Every structure is written in C-alpha cells, then in structure tokens.
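# My questions concern the predicted model and sequence given below.
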Amino acid sequence: MMILVPLAFLIAGTAVVMILLYRNLVRLDGEASEAWRLTQTERLARITAATHLADTLTATGLLDEQAANQAERALAACQAADGPEQASFADTALAEVFHRYEEATANATSSPSLATRAALDELRVADEHLAFQAALYNNKATLYNNAGVTFPALLMARWAHFEPRTTYRPPSEARADADRESLAEKSPHIMNAYMLWAVGMSDTTMESTEESS
C-alpha cells in the first residue's frame with residue numbers, strides 16, 4: 001500500500017506534465033496561426049498597393065504591354081498563393097517586376113508624377129508593415145517548430161497533430177539578399193577606402209625610395 005501511494009503521485013504528476021506540454025503545443029500552434037492570419041492581412045494590403053502602382057504605371061505609359069502583363073500575372077499568383085512557402089515565391093516574383101521598372105527608369109531625366117510617387121509610397125509603407133508582421137510570424141513559427149521536436153514536448157507532438165510550419169520570406173528581405181549577392185559578385189572589382197589608402201601609401205613609399213636613391 002505504501003508503494004502504491006508514491007506511484008499514484010508519480011503517475012498523476014506525469015499526466016499533469018503531459019497535459020501541460022500538450023496545451024503548450026496547441027497554444028503555440030494557435031499563436032502561429034493567428035500571426036500568419038495577420039501576415040496574410042498585410043500581404044493583401046501590399047497586393048492592393050502593388051495593384052495601384054501597376055495601374056498608375058500602365059496609365060502613364062511607364063509600363064509597356066509586356067511588363068504590364070507580367071505584373072498582372074504576378075499579382076494573380078500572389079492572390080492565389082496558399083501558405084507561407086508559395087507566398088514567399090509569389091511575392092518575391094512580384095517585387096522583381098517592379099524592381100526591373102526601377103532599374104529601367106533609374107537614369108530617366110524626368111521625375112515621376114505625383115500619382116506615381118503616391119503609389120510608390122503606398123507600396124513602400126505596405127512593405128514595411130509586411131516585413132514587421134512577417135518577423136512576428138516567423139518568430140511564432142520557430143517557437144512552435146522547436147517545441148515540437150524538443151524533449152519532453154515531442155512526446156505529445158503526435159497527439160497535438162504537430163506539423164512543422166514554414167517560415168515566410170517577405171519581398172524586402174529577398175531584395176536585400178539579392179542586392180548583397182550582387183555586391184559580393186562585384187566586390188573583387190571594387191576598391192574600398194582602405195584599399196585606395198593602401199595603394200596611395202604604396203605609391204608614396206616608392207616615390208620616396210626613388211628620390212633618396
């Protein structure tokens with residue numbers, strides 16, 4: 001009888017711990033779902049802003065027919081994207097369409113119209129809001145993913161219907177990575193301030209050596 005009492009307490013304690021772990025996994029999953037829902041809201045706001053920009057650029061003739069068709073297809077893909085992974089690819093593809101427009105008009109002599117500037121500002125603000133909310137979702141998704149594969153919570157993963165969540169990569173982050181890769185490719189041909197100083201010092205030393213000889 002005295003052995004059964006501690007055993008009962010051990011079983012009850014283990015059951016309580018398992019229930020708490022189960023509830024924690026369910027809570028983290030719910031928080032990640034809510035964070036993704038809010039991210040989707042910001043995505044829709046960005047799609048709306050991108051649609052306004054595409055319509056403005058097309059109306060002013062700054063987007064030719066081919067570019068306008070690319071923008072239309074990219075917008076449709078963004079709206080149809082299901083889940084963080086598809087959304088990441090679709091949103092990045094849409095951002096590339098407008099990035100090509102920026103590159104094409106970088107050397108333009110005329111400044112953009114007020115309507116174009118307003119549309120660009122709307123898209124920029126939407127990008128900032130989306131990047132902020134995406135960071136919140138990715139944090140929630142990472143917490144959930146880690147909890148589901150960490151002992152002892154992983155013991156309850158099956159009962160909690162645990163499935164790892166995919167993180168979302170906002171277009172601003174993808175664009176920044178592409179810019180860094182482009183800079184890295186060009187870096188062997190770029191002389192920074194320190195390299196210029198070193199070359200200058202080398203020339204000065206050689207001139208001093210020649211004068212002394």
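On my side now, so go ahead.
# tell me which helix or strand of the chain sits lowest on mean pLDDT?
When each helix and strand of the chain is scored by mean pLDDT, DSSP states H and E, helix 193-212 comes last, with a mean of 46.
# what about this structure, any weak spots by pLDDT?
1-10, 13, 101-110, 174-213 (pLDDT under 70).
# So which bits of stretch 32-51 are buried?
32, 35-36, 39-40, 42-43, 45-47, 49-51 (16 or more other CB atoms under 10 Å). In short, each C-beta sits where N, CA and C put it, glycine included.
# Dump the residues you listed to a markdown table, plus distance to residue 152 and secondary structure.
Supplementary listing: the buried residues of stretch 32-51 in a markdown table, determined by distance: CB to CB, whole Å; DSSP: H, G, I helix; E, B strand; the rest coil:
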| residue | distance to residue 152 | secondary structure |
| --- | --- | --- |
| 32 | 21 | helix |
| 35 | 25 | helix |
| 36 | 27 | helix |
| 39 | 30 | helix |
| 40 | 33 | helix |
| 42 | 36 | helix |
| 43 | 36 | helix |
| 45 | 41 | helix |
| 46 | 40 | helix |
| 47 | 42 | helix |
| 49 | 46 | helix |
| 50 | 46 | helix |
| 51 | 48 | helix |
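# could these be laid out in CSV, adding distance to residue 73?
Shown next, in CSV, are these (distance: CB to CB, whole Å):
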residue, distance to residue 73
32, 30
35, 29
36, 25
39, 23
40, 21
42, 22
43, 17
45, 20
46, 17
47, 13
49, 18
50, 12
51, 13
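# C-terminal to whichever strand or helix holds residue 91, which secondary structure element comes first?
Taking DSSP states H and E as the definition, one finds residue 91 inside helix 84-104. Using DSSP H and E, the next helix or strand after helix 84-104 towards the C-terminus is helix 114-148.
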